[in-house]
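# Build me a model:
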Amino acid sequence: MFIFLKKVLSNSKQLIEHQALELLDTYSGANNYILFLKTKKENNKKFYPTRTQADYINNYYNVQPKVARKWVDLDTYFAKKFSEERYLLEVPNKIYVEKLLVEKEKSYHIWGKFFEKDVLSEFWVPKSALIKSHTTDIVEISYDKYSHRPPLSHQKEAIEKLVGSRRFILADDMGLGKTTSTIIAALETGAKKILIICPASLKINWQREIQNYTERSVFISEGKKYSTESDFVIVNYDILKNFHDPKEKENSLLLKSQFELVILDEAHMVSNAQAQRTKIINSFVKNIKRVWLLTGTPMTSRPMNYYNLLNIIESPVAQNWMAYAIRYCQGYQFNAGKRKVWNVTGASNLEELKDRTSKQILRRLKEDVLDLPDKIITPVYLRLRSKEYENLMGEYYDWYDKNPNESSSLTVQFSKLMKVRKVIANEKISQTIEFAENILDQGKKVIIFTNFTDTLQSIYQHFGKQAVYLDGSCSNSVRQQAVDSFQNDEKIKVFVGNLKAAGVGLTLTSAEVVIMNDLSFVPAEHSQAEDRAYRYGQKNNVLVYYPIFENTIEGAIYDILNHKKKIISTVMGDGDSENIGDVVEEILNHINKR
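Numbers count the residues shown, from 1 in each chain. As a prediction, this is how the structure comes out:
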């Protein structure tokens, strides 16, 4: 039996080689390697192809080579490898491709050369060794239709870069209006279906921004609720798993929606390739026509954190993980028991990395942009889900309706709403912390203000040793120590302050960002608190963020102030304090009208 099988295999082998020899006799194509083997056969009657040569002839006999005749940039890692393997006198940075003989899944068979003086020859090259330069189409956009909320000049540059690119990273510093730029760009592409993936705390904000520029349908996905019909779908990273499973793509709602554009906000959240959300996103964005990434933290001192972002936008430098790890992360392998493990925590050749990725990334810092105001005030809209809030508001309205004499007093109304305001402040802690951590990731210090002691302590305790706090119980010496530490100690990144106690008289210019966790009913207190960072000695633009629960009385308060333009003048600027009582009365009257 063994002898029989051996004979069959031997005959099979001979059949493959003989078939290749017969094909050589009739070959009249343009594959230089097959032509070389044909000439070799014609000049040597004893020529007999190897199994590899025979397979090549049989598989690619009918494949027509593609004429290229161009020089292509070579990846640094592979260039060095080619130099070592072929004993080249110098490391090439390009290869000349006369013809593309054969294309396989991960490699090309090329008829070309490494240097101008070389003779053309055949060789195999991994696809990831060839750097395909990214090109951005030049687009012309009429901004007249956006005259009600016109983009600034630096935003127009971002819009045109996005529209002109299929895969791109908008890495502008916080406060430069990445959301606005991206929405206008998305509309200008003509994409019919658009998916926005962002942190849960930013979903309402995206909806509001979209509605500033279009009446097209917007759906915010919550839990397992999803829409395949809406023009814009907004979903947070944490629930992506409800709509796409990489192992069951045939049931994927994300794929069934046929999105033409996917936007990843705070895209640094997918830097960890092992995280579930990263695997999900990597799985379904491969075939999406356009993918844009937004992040104020494009690259840290660890370039490996940058790799997956570059991989998503199909950057040439991310075609080969090992090459990237060695070149830019000082990567090396070491033995860990019986396993070999990569260490990729280093950083190297960062200027080269910046240069090689620059065509697919736009990064501007606030100090580089000339058309910005010195103080930028931005609301961040959130949605509250709280039974406690609903119950307390129910109790308040019952009291208001049943006690007309007592409820006619604004002072009593104000005190009755104190519990409600505390609930709002406490419910917002997690979003404020998430927001602040994002700012810290960008290497900036942040000031957080709140009206309530419990809220202040919760936020302070979360940040621990990298935070200081100041409330009404602090002595003058403790107060000064907190300020000095925040101003001068690089390890102290967060200042948590009571709006009244810390909102006046302090200089906190080491921070560029202020977060108002909750609103005061005394509008002028906000302008005072904001200006702890916006004072003499501040060299940067100051960003002030107001997280707002839009479906609460807080949303009503903010909307009234904004409508009256006192969110800038009275509440946050130079308004006349004589009008404060009128503002408070109008706010309470609005609340009492349900």
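# CA only for contacts and neighbour counts going forward, please
Fine.
# Report pLDDT for Met299.
Met299 carries a pLDDT score of 67 in this model.
# For the most centrally placed residue in the chain, which residues are in contact?
For the chain, Ala267 is the residue whose C-alpha lies nearest the centre (C-alpha atoms, centre = their mean; 1.8 Å). Ala267 is in contact with Leu293, Leu294, Thr295, Leu309, counting by C-alpha atoms under 8 Å, 6 or more residues apart in numbering.
# and Lys419, that's in a helix?
Yes - judged by DSSP: H, G, I helix; E, B strand; the rest coil, Lys419 forms part of a helix.
# how many other residues sit next to it?
Residues near Lys419, counting by other C-alpha atoms under 10 Å, number 15.
# Relative to Leu392, how far out is it?
8 Å (C-alpha to C-alpha, to the nearest Å).
# Repeat that for Lys444.
Taken as C-alpha to C-alpha, the span from Lys444 to Leu392 is 38 Å.
# do the same with Val63
76 Å.
# swap in Pro65?
76 Å.
# what is Tyr96 paired to in the beta sheet?
Beta-bridge pairing of Tyr96 under DSSP bridges involves Trp71, Lys113.
# Spit out the contact partners of it.
Arg69, Lys70, Trp71, Val72, Gly112, Lys113, Phe114, Phe115.
# what about Pro65 and Leu392, which has more around it?
Between Pro65 and Leu392, counted using other C-alpha under 10 Å, Pro65 has the larger neighbour count: 19 against 16.
# so what's Cys198 scoring on pLDDT?
92.
# so it touches Asn236, yeah?
Yes - Cys198 is within contact range of Asn236, at 4.9 Å (criterion: C-alpha atoms under 8 Å).
# Domain parsing of this structure, as residue ranges.
Domain assignment for the chain, taken from automatic domain parsing, gives 2-60, 66-131, 147-367, 375-592.
# I'd like the average pLDDT over the first one.
I take that to be domain 2-60. Rounded mean pLDDT across domain 2-60 is 81.
# again with stretch 359-371
The model assigns stretch 359-371 a mean pLDDT of 85.
# And the contacts of that stretch?
134-136, 152-154, 158, 161, 165, 167-176, 313, 315, 372, 540-541.
# swap in stretch 316-324?
Contacts for stretch 316-324 (C-alpha under 8 Å, 6+ apart): 75, 77-78, 128-133, 307-308, 310-311, 353, 356-357.
# Drop anything exposed from those.
75, 77-78, 128-132, 307-308, 310-311, 356-357 (16 or more other C-alpha atoms under 10 Å).
# So which of those are in helices?
Tyr77, Phe78, Tyr307, Asn308, Leu310, Asn311, Arg356, Thr357 (DSSP state H).
# Most widely separated two among those residues?
Farthest-apart pair in these is Phe78 and Asn308; separation 20.3 Å (C-alpha to C-alpha).
# now the contacts of Ala267 in a markdown table, with distance to Gly555 and secondary structure?
Formatted as a markdown table, those follow (distance: C-alpha to C-alpha, whole Å; DSSP: H, G, I helix; E, B strand; the rest coil):
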| residue | distance to Gly555 | secondary structure |
| --- | --- | --- |
| Leu293 | 30 | strand |
| Leu294 | 27 | strand |
| Thr295 | 27 | coil |
| Leu309 | 35 | helix |
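# got CSV for the residues you listed, with neighbour count, distance to Pro92 and pLDDT too?
Output for those, formatted as CSV (neighbours: other C-alpha atoms under 10 Å; distance: C-alpha to C-alpha, whole Å; pLDDT from 0 to 100):
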residue, neighbour count, distance to Pro92, pLDDT
Leu293, 25, 33, 97
Leu294, 23, 35, 95
Thr295, 22, 35, 90
Leu309, 26, 28, 94
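# Tabulate the residues you listed (JSON lines), appending distance to Ser477.
Supplementary listing: the contacts of Ala267 in JSON lines, determined by distance: C-alpha to C-alpha, whole Å:
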{"residue": "Leu293", "distance to Ser477": "46"}
{"residue": "Leu294", "distance to Ser477": "43"}
{"residue": "Thr295", "distance to Ser477": "40"}
{"residue": "Leu309", "distance to Ser477": "47"}
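# gap between Ile196 and Lys375?
Taking C-alpha to C-alpha, one finds Ile196 at 28 Å from Lys375.
# same thing with Thr50?
74 Å.
# more crowded one of the two?
Using other C-alpha under 10 Å as the criterion, Thr50 and Lys375 rank with Lys375 on top: 18 against 12.
# Report the beta-bridge partners for that one.
Counting by DSSP bridges, Lys375 is bridged to Val542.
# Show the contacting residues for it.
Tyr534, Asn541, Val542, Leu543, Val544.
# Need those in a markdown table (columns: pLDDT, neighbour count and distance to Gln330).
A markdown table is the format used below for these (pLDDT from 0 to 100; neighbours: other C-alpha atoms under 10 Å; distance: C-alpha to C-alpha, whole Å):
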| residue | pLDDT | neighbour count | distance to Gln330 |
| --- | --- | --- | --- |
| Tyr534 | 78 | 27 | 41 |
| Asn541 | 82 | 20 | 36 |
| Val542 | 87 | 24 | 37 |
| Leu543 | 91 | 24 | 36 |
| Val544 | 92 | 25 | 39 |
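# What is the nearest of those to Glu512?
For these, the nearest to Glu512 is Val542 (4.7 Å; C-alpha to C-alpha).
# My read is that that closest one contacts Ser510, right?
No - look at Val542 against Ser510 with C-alpha under 8 Å: they stay out of range, at 10.4 Å.
# circling back: min pLDDT across the contacts of Tyr96, which one?
Ranking the contacts of Tyr96 by pLDDT puts Val72 at the bottom, with 87.
# could you measure that residue against Lys94, distance?
From Val72 across to Lys94, the span is 5 Å (C-alpha to C-alpha).
# Which secondary structure state does Gly497 sit in?
strand.
# and it, what is it in contact with?
By C-alpha under 8 Å, 6+ apart, the neighbours of Gly497 are Ile447, Ile448, Phe449, Thr450, Leu456, Tyr469, Leu470, Asp471, Gly503.
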